[in-house]
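Peer 1: pasted the sequence and its predicted model underneath.
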Amino acid sequence: MFRVGIARVSVTGKTSAMAALLGSTAIMMLASPAYAQDTATQESGAAVASDANENVIIVSGIRSSLASALAEKREASSLVEVIQAEDIGKLPDQNLAEVLENVTGVQITRRAGVGSGVQIRGTDDNRVEINGVGTVGSGTGRGGISFEDINAAIISSVEVTKAPEAKTTEGSVGGTINLRTIRPLDLTDRVMSFRAQGEYSELSDSIKPRFSASFGDSWSTGMGEIGIVLSGSYTQQEATSFRPRVDRDTLIAQGSGVTSTGAPGPDFDYIGIQFLNQELENFEYDTINFAGTLEWAPNDNLKFFFDAIVNDQERRQDSSRIQGSGVSSLRFNNVPDSFETVNYGTLDGVNLGSIQAALTGVIEPNLARDDDDPNLRFSSDTGARVTDSQVYRFGGEWESGRFSMQAEASRSTSNTRNPNLSTTLNFINPNPLTPLDGTSNDNSVPFRYDLTGGALTFGVNFDSPFAPTVDQLLDPNNTVLDAITASNNRTENAENAARLDMSLELEDLTGFITSVDWGYRYNKASSLFDQIRSTFGTGAIANSPNGSLFSELIVQGPSNFGDFDGRALAFRNFLVVDPDRAFSDPEGTLDILQAALATTNGSIDDPVSNPAAFFDIDETTNAVYGQANFEFGPVRGNIGLRYVSTKVNSRGNTVAAGVVTPVTSSGSYQEWLPRVNLVADVTDDIVIRASYGEDLLRPDFNDLSLSVSFPTGPNNAVSLGNPNLAPETVQSFDASVSWYFAPASVLSVGFFHKKRDSLFVTQVEDVAIDANGFRDITDPCEGGGIFNPLPDRNVLSNIPGNGLCVPLQTIINDTASTKQTGVEVAFQYDLSQFEDTLGFASGFGIIANYTYQKFSGGEATNSASTRGAAILASSSGLPGPFTRVQGLLDFSPHAYNATLYYEKYGISARARYTWRDSFRTLDTAAGASLNSTLGFPTVTESRGQLNASVTYDVTDYLNIGVEGVNLTKSKIEQSCVNSGAQLCFQGLPDRRITFGATLSF
């Protein structure tokens, strides 16, 4: 974020340009961090002084860094995007996902407002490396290390490769992200810096510290050149997001409903309220990062290196969910006060028409129809992701004449624990109008909802005669324990690799082949998952201990749900099991709950390994490549071929009648991956690029699992692995033209086309529902789905207890090809060249990019859920079935961002606006499944966000600054079926302000 004014880099000899580039990158990263510097800096106004012995390049600020990154991209042999360290430090972005959002063709997703996922050209399926070494994540997917786990302060530059060469490791669809740390032998002077910051999170109302420090130096000794760089950081962060959820997935036929007072309902079909959920997500991060590099060059032809990157993160979750459930039991007795028209649009060319939907109204108990619904539940979701990840890289480089070789071995590991103690309390309404029936944990509570103005607001209807008072809502005696989940799941991922890369220079020996590269890479990846869990659901009031028996654990829940937008209607008065105590003392908390359960002859077992959910998968890959690099006239590039052979072994268990039987599955595949890159420097200012490449995407490890894990919710689907999944294959075409029309400036237009085969697609088998809205509660679920023994049946059965049929979800390969075509436009311009005429205004510059992409093809579909089919049949007048090709998830057709920056007189300021078009996703509020979204992935609506920063150089050694994220408090909206259709979920994320200072030496 902060720089240190001016750095001086001395370089000598024929390697001066490269030393200047890398040396100034390191210095400005450590001291600021800042961008690298190369000869392009001279074009952007940096002063250059020289004498017979040395060049002294004065590097300053954003412009030099932009010019440096632009020069690296221009000289690359394939299509790459580069962000140098000054960009990472100066942008208003505190993690690498948010940094990458500046790259053309990149969009990101956020968790509680913090960047967590990255899509390159519309796909999450990308490879993440550190110094060219593959990383592993904390989960069982393929995404690599989480960007929220790494502080940008330890990274010197980010490289995104969109068009791979033959020597580029396979495994991505959109691109390869390489996070580069500083190379110590490129330093010419000792560098040290220290940064201290505080981050204020508005919704959390907290200030958390951030510290980072760096040291680097190199020495000439009798043993040769030795250099070391050490960078470390300690970060705390708190992020809060409100996520209200309203399920309107129940069809009320015309004439079948009455109002809460008994008046006749409307003479048209409409969809009523099925479920209300007020979720407050709160995440607290505690992260330690370290990056260290040691390099030793005994002579000019030989160098050894050792890299170590260590990340230790605890991401604590302290969330609450307030649920208005059992609402559907009274769906015919609470006609809404007002309606809105929901137009569902089209699905694969079928016009779905429109229908009336509940907009405002009350949900009143009707004891004659149902004596214990609707009900109010308070859940405390307390858990953590505790991850220790490490990347080690050791190797050497040797050069002799025309021949050079690099050999390295690496190990990436990630060990994660997920301690969790989550509880649910049922509120027992003491209002005498709602007597207990003794057969369930429910007791009628009236609700009010208002969905006008695009806001999902709801709460207790205090105007109702059935309503409890605030004091009654906050009395532990009016709560009972409903459910407990205690777990400490374990995930262990590793990737061991070794590679040998060789090159032979042929310049002056052949007509146009300048060199040939060839090499071999061995890789063994593994993923082990062990579910260590215990669950307990009381199911009935007789089994539910009263809150007075564990009142020492009960505290009032957060009351600030309206802080984002000032909403008046919300659940503000409720009780939860103390999340701080549950997290810091889970054993003591469980002991108190166990004592309470003993009064009703209940108990929860200690968490134990669940053999049915266990899996252990390893994958061995051998790859070889050959590549020829060429240059003739203005044309340069490379052509090569990569061969990949992979073998997968999957181990799991089946459990039948209490007997555990190990099961195994093995498979293998081979792929030839041709790759070609062409670059034509047609003039001094215009560069044309074209490329063709093939790659493959391997399935996530959990999607290959032979085991099964049962969730605790009655509407959550059970995910079942598919060990027969084949890898996706992708063919990519790229073409672009770049016009470098002024110093540190460019206008570029690019075209890309991808053809994907065997696309991974999520499929759900829904559950049959009878005329009363009940599900089958016996195995083997002849009407569809799978039997889950854990959930409380709630309103889904008229027989209280646990266990029922739930949806079944799995992943398959789409049998049809898919196509993706896009255009990328990037613009960068700097006014510094007009200093003499513009004066202070010459400090301005602009960076902007725009991406358009279109997806087509595929034949694997999502189908409307049972409830969804009834609704769509009414809206469209068609019998169904209603299906839609799933295609790519998290795919936005349009995206752009624009940054206006100013740098002059020691002031450095930026304002960046990022906009992303709508996209389909499985990421929903409060764990909503496809079953509760009418059977289709939800649509996250288009959204823009404004970030900004300003810093000031107090002296050559001290810099202060402030930055803001989500300054306009942009909210997230999610619709069911299609964009602009039925509003289902919202996300109301934090606005965060960071302030601090950097001291450098």
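Peer 2: Yep, it's here.
Peer 1: what is the helix or strand I271 falls within packed up against?
Peer 2: In the assignment (DSSP states H and E), I271 maps to strand 270-272. Counting by 3 or more C-beta pairs under 8 Å, 6 or more residues apart in numbering; DSSP states H and E, the packing neighbours recorded for strand 270-272 are strand 250-252, strand 354-363. C-beta coordinates here come from the backbone N, C-alpha and C atoms, glycine included.
Peer 1: got any ranges where this protein has weak pLDDT?
Peer 2: Residue ranges of the chain with pLDDT under 70: 1-61, 85-94, 437-438, 925-927.
Peer 1: what residue is smack in the middle of it?
Peer 2: G117 (2.6 Å; C-alpha atoms, centre = their mean).
Peer 1: let me see the contact set for it.
Peer 2: A97, I108, T109, R110, D124, G143, D890 (C-beta atoms under 8 Å, 6 or more residues apart in numbering).
Peer 1: apply 6 Å and report the result again.
Peer 2: Each residue near G117 by C-beta atoms under 6 Å, 6 or more residues apart in numbering is listed here: T109.
Peer 1: may I have the beta-bridge partners of it?
Peer 2: Counting by DSSP bridges, G117 forms beta bridges with T109.
Peer 1: and the closest residue to D605 other than its chain neighbours, how far is that from N702?
Peer 2: Leaving out its chain neighbours, the residue that sits closest to D605 by C-beta to C-beta, 6 or more residues apart in numbering is S534, at 4.6 Å. Separation of S534 from N702 (C-beta to C-beta, to the nearest Å): 21 Å.
Peer 1: kindly report the same for L474.
Peer 2: Per C-beta to C-beta, L474 is found 41 Å from N702.
Peer 1: and these two? which has more neighbours close in?
Peer 2: Shown here are L474 and N702; by other C-beta atoms under 10 Å, N702 has more neighbours (19 against 16).
Peer 1: mind checking what secondary structure the more buried one has?
Peer 2: Following DSSP: H, G, I helix; E, B strand; the rest coil, the label given to N702 is helix.
Peer 1: now do the same contact list for it.
Peer 2: The neighbours of N702, taking C-beta under 6 Å, 6+ apart as the test, are T140.
Peer 1: ok, N478 next?
Peer 2: So N478 contacts I428, P430, Q472 (C-beta under 6 Å, 6+ apart).
Peer 1: quick check: phi and psi on it?
Peer 2: Main-chain dihedrals, N478, degrees, to the nearest 10: phi -100, psi 20.
Peer 1: do the same with I541
Peer 2: When read as degrees, to the nearest 10, the backbone of I541 gives phi -60, psi -30.
Peer 1: and what of F710?
Peer 2: Dihedral pair for F710: phi -100, psi 120, per degrees, to the nearest 10.
Peer 1: so it sits against N788, correct?
Peer 2: Yes: counting by C-beta atoms under 6 Å, F710 touches N788, with 4.9 Å between them.
Peer 1: what do these two both touch?
Peer 2: Common neighbours of F710 and N788 (C-beta under 6 Å, 6+ apart) are V718.
Peer 1: when these two are compared, which one has more neighbours?
Peer 2: Just comparing F710 and N788: by other C-beta under 10 Å the higher neighbour count belongs to N788, 24 against 21.
Peer 1: would you state the helices of this protein in chain order?
Peer 2: Counting by DSSP state H, the chain has helices at residues 16-31, 40-43, 61-75, 85-90, 96-100, 470-473, 579-584, 586-598, 835-838, 866-876.
Peer 1: so how far is the last one from its chain's centroid?
Peer 2: What that stands for is helix 866-876. Averaging C-alpha positions (C-alpha atoms, centre = their mean, to the nearest Å) puts helix 866-876 32 Å from its chain's average.
Peer 1: hey, C-alpha coordinates of that helix in CSV?
Peer 2: Only the C-alpha atoms of helix 866-876 are listed here, as CSV (Å, rounded to 0.1, in the frame of the first residue of the first chain):
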residue,chain,number,x,y,z
THR,A,866,-40.9,-30.6,-6.9
ARG,A,867,-42.2,-27.4,-5.5
GLY,A,868,-40.5,-25.4,-8.3
ALA,A,869,-42.2,-27.5,-11.0
ALA,A,870,-45.7,-26.7,-9.5
ILE,A,871,-44.9,-23.0,-9.4
LEU,A,872,-43.6,-22.9,-13.0
ALA,A,873,-46.5,-24.9,-14.3
SER,A,874,-48.8,-22.3,-12.9
SER,A,875,-46.8,-19.3,-14.2
SER,A,876,-46.3,-20.7,-17.7
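Peer 1: that one relative to strand 354-363, how many degrees between them?
Peer 2: Calculated by axes from the mean of the first three to the mean of the last three C-alpha atoms, to 10 degrees, helix 866-876 forms an angle of 120 degrees with strand 354-363.
Peer 1: name the helices or strands packed onto helix 866-876?
Peer 2: Contact analysis of helix 866-876 by 3 or more C-beta pairs under 6 Å, 6 or more residues apart in numbering; DSSP states H and E lists strand 250-252, strand 354-363 as its packing neighbours.
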